[in-house]
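K.L.:
Sequence below, structure please.
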Amino acid sequence: MRTLLPLLRTAWACRVGPFVVARPPRGASAGPGSRTMAKYHREERGQPRSPSYRLFLKNEAGHYISPFHDIPLKVDSKESLFNMIVEVPRWTNAKMEIATEEPLNPIKQDAKNGKLRYVANIFPHKGYIWNYGALPQTWEDPHQKDKNTDCCGDNDPIDVCEIGSKVLSCGEVIHVKILGILALIDQNETDWKLIAINVNDPEASKLHDIDDVKKYKPGYLEATVNWFRFYKVPEGKPENQFAFNGAFKNKAFALEVIKSAHECWKALLLKKCDGGAINCTNVQVSSSPFHCTQEEARSLVESVSSSVNKESNEDADQTWHFLGE
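P.N.:
The predicted model follows:
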């Protein structure tokens with residue numbers, strides 16, 4: 001174990017070691033001007049907009065992977081670029097998310113009481129107002145109290161609001177620059193919301209920290225706070241609250257939060273903490289007791305129906321909600 005811990009630390013730097021996952025393909029640059037991304041492929045199973053729908057990810061070699069555990073957190077040790085898994089494209093309503101409790105953690109649509117979940121349209125916004133997703137290899141530990149918020153984590157990877165100009169696709173893996181962070185308190189749980197931008201966005205070269213968002217995208221941060229404050233009100237729930245009175249913290253603060261969540265994830269994958277129902281099956285973290293072979297991963301995926309079924313093909317309710325301050 002004495003030799004294991006130093007090697008684990010290299011996962012944050014994405015260097016060679018037993019905790020490292022797939023590298024970017026040869027010839028791919030991690031620099032801000034790069035348009036060559038790691039090649040992850042998507043495979044859909046089941047009927048979209050149904051409880052059976054699952055979107056699995058494969059790596060460049062065509063092997064099934066877990067987007068939660070097998071995609072590296074950082075793109076390159078020399079750049080502050082991170083991999084982001086897109087769960088919800090901008091302007092859409094379906095609440096898609098990484099299935100943290102299922103083997104290989106495919107993306108699925110969240111459901112409550114057997115009914116698929118959609119976010120409401122709260123005027124003037126249509127669905128989600130950013131490309132929404134998560135950072136891999138992070139986990140907000142529900143048993144660990146955050147020193148900044150005095151609340152425990154929400155048991156999920158850290159959420160990301162990508163504010164670039166392009167509407168992305170569910171299951172895309174992109175490289176992002178971290179700009180800042182918002183501390184949402186949801187039912188007494190810490191639910192961090194990172195603000196980031198696709199490194200290939202035309203405006204990415206101008207945005208380096210949270211103050212740049214205020215300068216070049218005026219009103220976006222205020223809209224973000226309001227969206228998170230009110231998005232559950234149409235369901236009959238109270239307004240959400242925030243730490244720091246809803247103020248955004250800067251990039252340096254955000255990077256520390258990410259680093260802490262990455263350490264929690266490493267403890268989870270090494271079975272050093274209580275992960276509860278979280279499924280840690282992975283194919284590339286060789287030091288983890290939850291590691292499985294490529295053949296076992298394929299068998300897990302093949303157990304999920306690939307046929308188009310006739311379960312509920314429910315569309316989002318397009319009602320608009322007008323909420324006052």
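
K.L.:
what ranges do the helices span in the stretch 51-200 of the chain?
P.N.:
With DSSP state H, counting those that start in this stretch as the definition, the stretch 51-200 of the chain shows no helices.

K.L.:
okay, and for it, where does confidence drop off?
P.N.:
78 (pLDDT under 70).

K.L.:
can you give me the strands in it?
P.N.:
Along the stretch 51-200 of the chain, counting by DSSP state E, counting those that start in this stretch, strands occupy 54-58, 64-65, 81-88, 96-98, 107-109, 111-112, 115-116, 121-122, 131-134, 152-153, 159-162, 173-186, 189-198.

K.L.:
now, of those, which is deepest in the fold?
P.N.:
Ranked by mean neighbour count, those are led by strand 131-134 with a mean of 27 (mean count of other C-beta atoms under 10 Å). Backbone N, C-alpha and C define where each C-beta goes, glycine included.

K.L.:
before we move on, the earlier item: what would the strands of the stretch 51-200 of the chain look like in JSON lines with distance to Q284?
P.N.:
Below are the strands of the stretch 51-200 of the chain laid out as JSON lines (distance: least, C-beta to C-beta, whole Å):
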{"stretch": "strand 54-58", "distance to Q284": "12"}
{"stretch": "strand 64-65", "distance to Q284": "7"}
{"stretch": "strand 81-88", "distance to Q284": "13"}
{"stretch": "strand 96-98", "distance to Q284": "16"}
{"stretch": "strand 107-109", "distance to Q284": "18"}
{"stretch": "strand 111-112", "distance to Q284": "29"}
{"stretch": "strand 115-116", "distance to Q284": "31"}
{"stretch": "strand 121-122", "distance to Q284": "39"}
{"stretch": "strand 131-134", "distance to Q284": "18"}
{"stretch": "strand 152-153", "distance to Q284": "24"}
{"stretch": "strand 159-162", "distance to Q284": "22"}
{"stretch": "strand 173-186", "distance to Q284": "14"}
{"stretch": "strand 189-198", "distance to Q284": "24"}
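
K.L.:
Show me the one of those that comes nearest C264.
P.N.:
strand 152-153 (7.3 Å; C-beta to C-beta).

K.L.:
State the distance from Q318 to K217.
P.N.:
Counting by C-beta to C-beta, to the nearest Å, the gap from Q318 to K217 is 27 Å.

K.L.:
Look at those two and report which has more neighbours.
P.N.:
Neighbour totals were compared for Q318 and K217, and K217 leads with 17 against 11 (other C-beta atoms under 10 Å).

K.L.:
distance of that one from S165?
P.N.:
Counting by C-beta to C-beta, the gap from K217 to S165 is 10 Å.

K.L.:
Overlap in contacts, the two.
P.N.:
Shared contacts of K217 and S165, defined by C-beta atoms under 8 Å, 6 or more residues apart in numbering, comprise E203.

K.L.:
Any idea how many residues pack against Y220?
P.N.:
By the other C-beta under 10 Å criterion, the neighbourhood of Y220 contains 15 residues.

K.L.:
Tell me if I'm right that it and I210 touch.
P.N.:
No - using C-beta atoms under 8 Å, Y220 is not in contact with I210; the gap is 10.8 Å.

K.L.:
Skipping its backbone neighbours, what lies nearest the most centrally placed residue in the chain in space?
P.N.:
Centroid-nearest residue in the chain, with C-alpha atoms, centre = their mean: A134, separated by 0.9 Å. Using C-beta to C-beta, 6 or more residues apart in numbering and skipping residues adjacent in sequence, the residue nearest A134 is P157, 4.0 Å away.

K.L.:
Need phi/psi at the one you found.
P.N.:
phi -60, psi 160 (degrees, to the nearest 10).

K.L.:
Run a quick check on it versus W139, I expect a contact.
P.N.:
Yes - P157 lies in contact with W139 (C-beta under 8 Å); the separation is 6.2 Å.

K.L.:
Counting neighbours, what do you get for the residue nearest to A134?
P.N.:
Neighbour count of P157, defined by other C-beta under 10 Å: 26.

K.L.:
Please apply the same query to S306.
P.N.:
12.

K.L.:
which one is it nearest to, not counting chain neighbours?
P.N.:
Nearest non-adjacent residue to S306, counting by C-beta to C-beta, 6+ apart: R45, 4.8 Å away.

K.L.:
Next, count neighbours for that neighbour.
P.N.:
R45, neighbours per other C-beta under 10 Å, totals 17.

K.L.:
was I right about it contacting S303?
P.N.:
No - checked against C-beta under 8 Å, the pair R45 and S303 is beyond contact range at 10.1 Å.

K.L.:
give me the element A267 is part of.
P.N.:
Element membership of A267 [criterion: DSSP states H and E] is helix 251-269.

K.L.:
Take that helix, keep the C-alpha atoms, and write them as CSV.
P.N.:
Taking C-alpha atoms only, helix 251-269 is exported to CSV below (Å, rounded to 0.1, in the frame of the first residue of the first chain):
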residue,chain,number,x,y,z
LYS,A,251,-11.5,29.2,-11.2
ALA,A,252,-8.9,28.6,-8.4
PHE,A,253,-11.7,27.8,-5.9
ALA,A,254,-13.4,25.5,-8.5
LEU,A,255,-10.2,23.6,-9.1
GLU,A,256,-9.8,22.9,-5.4
VAL,A,257,-13.4,21.5,-5.3
ILE,A,258,-12.7,19.3,-8.3
LYS,A,259,-9.5,18.0,-6.7
SER,A,260,-11.3,17.1,-3.5
ALA,A,261,-14.1,15.3,-5.4
HIS,A,262,-11.5,13.4,-7.3
GLU,A,263,-9.9,12.2,-4.1
CYS,A,264,-13.4,11.1,-2.9
TRP,A,265,-13.8,9.1,-6.2
LYS,A,266,-10.4,7.4,-5.7
ALA,A,267,-11.5,6.3,-2.2
LEU,A,268,-14.7,5.0,-3.7
LEU,A,269,-12.9,3.0,-6.4
